[in-house]
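Trainee: when you get a sec, could you give me coordinates for this:
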Amino acid sequence: MDTGEKILIVTGSDYTDAVYKAFNDVKELGHKVYLLSDGSFEPRPGVFEKHFSYDLRKTKEVLDYMTNQPEKFDAVTIKTSEWLTPLVALLAKQYGCIGNEPIVAFNCRSKYHMRKELEKGNVPIPKFKLCKNYEELVEGIREIKTPCVAKPVGGNASYGTFMIRDEKDLENLKENYENSIKFLKEKAIDGDVFAFKKEEMDLIGVDDHVDMITDYLVEEYMDGHEISIDSLIQNGKVTMMGVEDQIRMTYPYFMQLAARLPYIYEEGEKDVIQKLLEDTMKAMNIKNSATHTEIMFTSQGPKIVELGCRIGGDDLHETILEVTGYNLMYESMMIALGIHREYDVQTKCHTMTTVIMPEKTGTIKSINIPEELKNNKNIFNIDTIVSVGDKIGTPPERFDYIGYISGKGTTPEEAEKNMNKGIKLLKITIE
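Mentor: Next up is the predicted model:
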């Protein structure tokens, strides 16, 4: 095995202990790790050879900035920053590294382009229609028919997604649509970045341009139960690393409330999921990447909800590490380096994660995580993504969540019991 390769990590946020361990483990193999971030945090000292900082929303400028650096890289990869996957693909292409083609990464980012690729590959998906304004949204709903779902082309975490169940929901459609667009525009500035400029889409190779913030899809409503699968793809071979059983909001909204991992398969279900994943990755042309895929078990059979060419967000990296022992950040770097990997995925424990949702709109006054909770061996994930002073709220005006907490145990029931004990100790005040 060659050593001393230079690996560039791209991110919009700082990392956990487990991810930093992956970086240090790779360094112990003789490789060098570099960081490209948006400058919103200071990484831990002594980990990265160099920290490049730039406004990562400016894709073309970032590529020019990195071109002018003396360092050239042998691998480029990412953890969970969905909005940065096209940039990662462009950088990998610029340096001649293993990775997704830029158009492949964009097709995963744009729900419209994703649907078109899956449709061409005969992968089961809901009926869909692209809508570029409110009038087209109304037309799309009439065409797809209620019940149906409206979702932003460039959204993630179910931001701005809502269901139209019947004529009564149509009465509130304009208000829901406008509230969602307002929230998405705010997120595009302050948080996750949904937008790409025309010249950036041209650079990626996008023929059919979309507005990632204001363009919406209307989709056929999919009844049934939803799971997510984190997989690793190497040279086209798909390995399922973690399958999560998802619990979501009561309709008309779809934000995740809780999750169990591992998912308990029904007879024959695992083979069906594996085949659907393989067909999906082939249709999307994903060959060497971590992927996060959501599947709905509908009355017509399983259908793809969406997918991303990166590790799943929120608790998933740490949860899969607890359940399987595999560090997906480490594995992503190995795949980016072209090092052959073999996996034997076994269940070491069961987990239950609850997403901490605001009960009302207001401002975060205090967040208290007591030492008793931090030291609880049955709680392995406590993460808050908000700060004191942040404004938060509930649908339809806002689509915020506070953070999440995970418990583990030898059975699903024990994991849930431990998680419930932990969440009672967490104190968050909103006023």
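
Trainee: ok, the residue lying closest to residue 81 once chain neighbours are set aside - contacts?
Mentor: Nearest in space to residue 81, with sequence neighbours left out and distances taken as CB to CB, 6 or more residues apart in numbering, is residue 12 at 4.6 Å. C-beta: built from backbone N, CA, C; applies to glycine. Contacts here follow CB atoms under 8 Å, 6 or more residues apart in numbering; on that basis residue 12 touches 37-38, 40, 56, 81, 83-84, 193.

Trainee: how close does residue 12 sit to residue 276?
Mentor: Distance of residue 12 to residue 276, given as CB to CB, to the nearest Å: 30 Å.

Trainee: then residue 133?
Mentor: For residue 133 relative to residue 276 (CB to CB), the value is 34 Å.

Trainee: the more surrounded of these two?
Mentor: Between residue 133 and residue 276, residue 276 has the larger neighbour count (other CB atoms under 10 Å), namely 19 against 13.

Trainee: grab the longest strand from the chain for me.
Mentor: Using DSSP state E, we find that the single longest strand of the chain is strand 237-248.

Trainee: ranges for the helices of the stretch 51-200 of the chain?
Mentor: 59-67, 85-95, 102-109, 111-120, 134-144, 167-171, 173-190, 198-204 (DSSP state H, counting those that start in this stretch).

Trainee: tell me, which of those helices is the model least confident about?
Mentor: Across the helices of the stretch 51-200 of the chain, helix 173-190 has the smallest mean pLDDT, namely a mean of 79.

Trainee: where does this structure have low pLDDT?
Mentor: Scanning the chain for pLDDT under 70 picks out 1-3, 156-158, 187-194, 249-251, 253-254.

Trainee: break it into its domains for me.
Mentor: According to automatic domain parsing, the chain comprises the domains 6-105, 127-221, 350-430.

Trainee: of all those, which one is nearest residue 340?
Mentor: Closest approach to residue 340 among the domains of the chain (CB to CB): domain 6-105, 12.1 Å.

Trainee: first-to-last residue distance for that closest one?
Mentor: Using CA to CA, to the nearest Å, the end-to-end distance of domain 6-105 comes to 22 Å.

Trainee: work out the gap between that domain and the centre of the chain.
Mentor: Chain-centre distance of domain 6-105: 17 Å, with CA atoms, centre = their mean, to the nearest Å.

Trainee: and the residue lying closest to residue 118 once chain neighbours are set aside, how many neighbours does it have?
Mentor: Leaving aside its sequence neighbours, residue 118 sits nearest to residue 125 (CB to CB, 6+ apart; 5.0 Å). Residue 125 has 23 neighbours, counted by other CB under 10 Å.

Trainee: for residue 125, give its distance to residue 276.
Mentor: Using CB to CB, residue 125 is found at 11 Å from residue 276.

Trainee: what's the answer for residue 20, then?
Mentor: Residue 20 is 34 Å from residue 276, by CB to CB.

Trainee: cool, residue 351 as well?
Mentor: 24 Å.

Trainee: what of residue 32?
Mentor: Applying CB to CB, the value for residue 32 to residue 276 is 38 Å.

Trainee: if we can go back for a sec, between residue 125 and residue 276, which contacts overlap?
Mentor: By CB under 8 Å, 6+ apart, the residues touching both residue 125 and residue 276 are residue 304.

Trainee: isn't residue 346 right up against residue 324?
Mentor: Yes - the pair residue 346 and residue 324 passes the contact test of CB atoms under 8 Å, sitting 6.7 Å apart.

Trainee: those two: which is more packed in?
Mentor: residue 324 (21 against 10).

Trainee: how much space is there between the more buried one and residue 277?
Mentor: 17 Å.

Trainee: same check on residue 168?
Mentor: Separation of residue 168 from residue 277 (CB to CB) stands at 38 Å.

Trainee: how about residue 126?
Mentor: Taking CB to CB as the measure, residue 126 falls 18 Å from residue 277.

Trainee: do the same with residue 183
Mentor: Counting by CB to CB, the gap from residue 183 to residue 277 is 32 Å.

Trainee: OK, contacts around the closest residue to residue 327 other than its chain neighbours?
Mentor: Nearest non-adjacent residue to residue 327, counting by CB to CB, 6+ apart: residue 22, 4.9 Å away. Applying CB under 8 Å, 6+ apart to residue 22 gives the contacts 327, 329-330, 333.

Trainee: ok, now residue 431?
Mentor: Contact analysis of residue 431 by CB under 8 Å, 6+ apart lists 362-363, 365.

Trainee: how does it look with 6 Å?
Mentor: 362, 365 (CB atoms under 6 Å, 6 or more residues apart in numbering).

Trainee: before we move on, what about residue 306?
Mentor: So residue 306 contacts residue 294 (CB under 6 Å, 6+ apart).

Trainee: cool, residue 73 as well?
Mentor: 6, 8, 95.

Trainee: how about 7 Å then?
Mentor: For residue 73, the contact set (CB atoms under 7 Å, 6 or more residues apart in numbering) comprises 6-8, 34, 95, 97.

Trainee: want to throw those residues into a markdown table with neighbour count?
Mentor: Formatted as a markdown table, those follow (neighbours: other CB atoms under 10 Å):
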| residue | neighbour count |
| --- | --- |
| 6 | 18 |
| 7 | 24 |
| 8 | 28 |
| 34 | 18 |
| 95 | 18 |
| 97 | 24 |
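
Trainee: which among these gets closest to residue 222?
Mentor: Using CB to CB, these come closest to residue 222 at residue 97, 36.5 Å.

Trainee: verify the stated contact: that closest one with residue 72.
Mentor: No - Residue 97 is beyond contact range of residue 72, at 9.8 Å (criterion: CB atoms under 7 Å).

Trainee: my guess is residue 10 contacts residue 38. True?
Mentor: No - Residue 10 lies out of contact with residue 38 (CB under 7 Å); the separation is 9.6 Å.

Trainee: the two: who's more crowded?
Mentor: More crowded of residue 10 and residue 38, by other CB under 10 Å: residue 10, with 24 against 18.

Trainee: what sits against that one?
Mentor: 36, 76, 78, 84, 87-88, 91.

Trainee: for residue 170, same thing?
Mentor: By CB under 7 Å, 6+ apart, the neighbours of residue 170 are residue 164.

Trainee: next one: it from residue 111, what distance?
Mentor: Taking CB to CB as the measure, residue 170 falls 22 Å from residue 111.

Trainee: out of the contacts of residue 73, who's nearest residue 392?
Mentor: Checking the contacts of residue 73 one by one against residue 392 (CB to CB), the nearest turns out to be residue 8, at 33.9 Å.
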